[in-house]
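**Q** Make a model of this:
(chains A and B)
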Amino acid sequence: EPEVTQTPSHQVTQMGQEVILRCVPISNHLYFYWYRQILGQKVEFLVSFYNNEISEKSEIFDDQFSVERPDGSNFTLKIRSTKLEDSAMYFCASSEPGATNEKLFFGSGTQLSVL
Amino acid sequence: GEDVEQSLFLSVREGDSSVINCTYTDSSSTYLYWYKQEPGAGLQLLTYIFSNMDMKQDQRLTVLLNKKDKHLSLRIADTQTGDSAIYFCAESRSPGGGNKLTFGTGTQLKVEL
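**A** Predicted coordinates for the structure are as follows:
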């Protein structure tokens, strides 16, 4: 069964450093998403991406965050200058638009720890 | 804004039924979902229900939706130890143009022998 894959599974970084989280969505999907889950809190929407541009973003997704689809398979989330409060599990998801119900399929997540 | 709430913990004996409850505030929700998260794993879509339905059954899973009370439940029949996980309720309002989900806090289900 096709799945969303994310790398790395764990990322440790120093505060102020840039990180790039990588995702390979399901190949025929056209919508891509990033969500995050801070320990003990809800899973929160960050951003959705379609047709090479952001379609919606949350208040969390400020200028420190950016997304990119650098080639036909990868979808990345970049945090330019990480803060302690960016420590969280980051989930990538993808969906196939135009279906009656656009089910989101999630990856296993990248656990980001900012020290 | 939208809000989705769940109880944090549920403990059941193996073989019993589990019922996980969820309430939401957005009356314009179109789809409601149940996701399962096992330790160290991602969010696995279990089942979903369209807002104009009141029940959906899928093998051991039964979803009940009370749209008037904005209450959603997931019943797992004959609960097994492999069902131990965190279960997230989620709602969406925007199918057909990207699907932004609002998640609940998650319910930790513990299945005891």
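**Q** Is A:Pro2 in a helix, a strand, or coil?
**A** coil (DSSP: H, G, I helix; E, B strand; the rest coil).
**Q** Tell me which residues touch A:Met24, please.
**A** Not quite, residue A:24 is Val, not Met. Contact analysis of A:Val24 by Cβ atoms under 8 Å, 6 or more residues apart in numbering or on different chains lists A:4-6, A:73-75. From N, CA and C alone the C-beta is placed, and that goes for glycine too.
**Q** Please indicate which of these are buried?
**A** Buried subset of the contacts of A:Val24 (neighbour count, 16 or more other Cβ atoms under 10 Å in any protein chain shown): A:4, A:6, A:75.
**Q** and the residue nearest to the first one when sequence neighbours are not counted, how far is that from A:Glu59?
**A** Looking back up the chat, that one is A:Val4. Once flanking residues are discounted, A:Val4 sits nearest to A:Gly107: 3.9 Å by Cβ to Cβ, 6 or more residues apart in numbering or on different chains. In this view, A:Gly107 and A:Glu59 are 23 Å apart by Cβ to Cβ, to the nearest Å.
**Q** ditto for B:Ala41
**A** On the measure of Cβ to Cβ, B:Ala41 and A:Glu59 end up 28 Å apart.
**Q** Quick check on those two: which one has the bigger neighbour count.
**A** Between B:Ala41 and A:Glu59, B:Ala41 has the larger neighbour count (other Cβ atoms under 10 Å in any protein chain shown), namely 13 against 7.
**Q** Determine the three-state secondary structure at the more buried one.
**A** coil.
**Q** Identify the residues contacting it.
**A** Contacts of B:Ala41 by Cβ under 8 Å, 6+ apart are A:Ser108.
**Q** likewise the one 10 residues further on?
**A** Neighbour list for B:Ser51: B:29-32, B:65, B:67 [criterion: Cβ under 8 Å, 6+ apart].
**Q** Make CSV out of those residues and add distance to chain A and secondary structure.
**A** Below are the contacts of B:Ser51 laid out as CSV (distance: Cβ to the nearest Cβ, whole Å; DSSP: H, G, I helix; E, B strand; the rest coil):
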residue, distance to chain A, secondary structure
B:Ser29, 13, coil
B:Thr30, 9, coil
B:Tyr31, 6, strand
B:Leu32, 11, strand
B:Leu65, 14, strand
B:Lys67, 17, coil
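**Q** Return the members of those classed as buried.
**A** The neighbour count (16+ other Cβ under 10 Å) marks B:29-32, B:65 as buried among those.
**Q** Just flag the most distant two among those residues.
**A** B:Thr30 and B:Leu65 (11.8 Å; Cβ to Cβ).
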